[in-house]
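In: Here you go, sequence then predicted model.
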Amino acid sequence: LPLAFGLIAYTFSGHAIVPSIYSSMAEPQQFEKMINYTFIIVLACCLVVAVSGYYMFGGAVDDQITISLEQSSSAGLAMKLLTWLMILTAFSKFTLTMFPLALGVEEIVAPYIPNERVMDFSASIIKLTLIVAALAVALFVPSFSFICALVGLICTMA
């Protein structure tokens, strides 16, 4: 049950990219309408997956439907495709969540950069450093995923 709540919170936790989306919109006055439609679509997709999982597996469905699908599926190619789509989703969420942090660091560094070409190189180095730091923490801090799940759940529900 805690894992399920964490997954639900993660699904709707787009708060970090909201300012970036708002500032990049051609018509910012349509922001509230766009956000409402987005959450309705996400909720509908989640409900379809949840109902499908319960219909297929009943009460024996795991917190993550993909685990139940993998255990009972004979479609190897479909499971590989689903696995790669989940990896792609994780990468896209990671980069979207990391973007505002990288932008903040770039704004701090920008006054000390002499020209645009060096700034572009610096921006790439900043993003690469943040990614490597996140990877190092994930690899070398034991049980960090549980801490992140707890913090993520608390922060997304607040």
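Out: That came through, no problem.

In: contacts, neighbours, all on C-alpha from now
Out: Noted.

In: what helix or strand does the residue sitting nearest the centre point of the chain sit in?
Out: Geometric centre of the chain, nearest residue: Lys93, 2.9 Å, by C-alpha atoms, centre = their mean. Per DSSP states H and E: Lys93 is located in helix 76-109.

In: And Ala138, by the same measure?
Out: Following DSSP H and E, one finds Ala138 within helix 116-140.

In: That helix - contacts with which helices or strands?
Out: Under the contact criterion of 3 or more C-alpha pairs under 8 Å, 6 or more residues apart in numbering; DSSP states H and E, helix 116-140 touches helix 76-109, helix 144-157.

In: between those helices, which one is nearest to Gln64?
Out: Proximity to Gln64, assessed across the helices and strands packed on helix 116-140 by C-alpha to C-alpha, is greatest for helix 76-109 (11.7 Å).

In: Which neighbouring elements make contact with that closest one?
Out: So helix 76-109, by 3+ C-alpha pairs under 8 Å, 6+ apart, packs with helix 116-140.

In: Give me the buried positions along the helix it packs on.
Out: Neighbour-count burial for helix 116-140, counted by 16 or more other C-alpha atoms under 10 Å, picks out Met119, Ser122, Ala123, Ile126, Lys127, Leu130, Ile131.

In: can you redo the residues you listed as a markdown table with distance to Gly59 and pLDDT?
Out: Output for these, formatted as a markdown table (distance: C-alpha to C-alpha, whole Å; pLDDT from 0 to 100):
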| residue | distance to Gly59 | pLDDT |
| --- | --- | --- |
| Met119 | 55 | 91 |
| Ser122 | 52 | 91 |
| Ala123 | 49 | 90 |
| Ile126 | 47 | 92 |
| Lys127 | 43 | 89 |
| Leu130 | 41 | 89 |
| Ile131 | 39 | 86 |
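
In: related to what we said a few turns ago, avg pLDDT for the helix holding Lys93?
Out: Mean pLDDT, helix 76-109: 80.

In: just stretch 18-34 next, same as before
Out: Per-residue scores along stretch 18-34 average to 83.

In: And that stretch, how far out from the chain middle?
Out: Centroid displacement of stretch 18-34 relative to its chain, using C-alpha atoms, centre = their mean, to the nearest Å, is 19 Å.

In: now what about that stretch, what contacts it?
Out: Defining contact as C-alpha atoms under 8 Å, 6 or more residues apart in numbering, one finds that stretch 18-34 is touched by Pro100.
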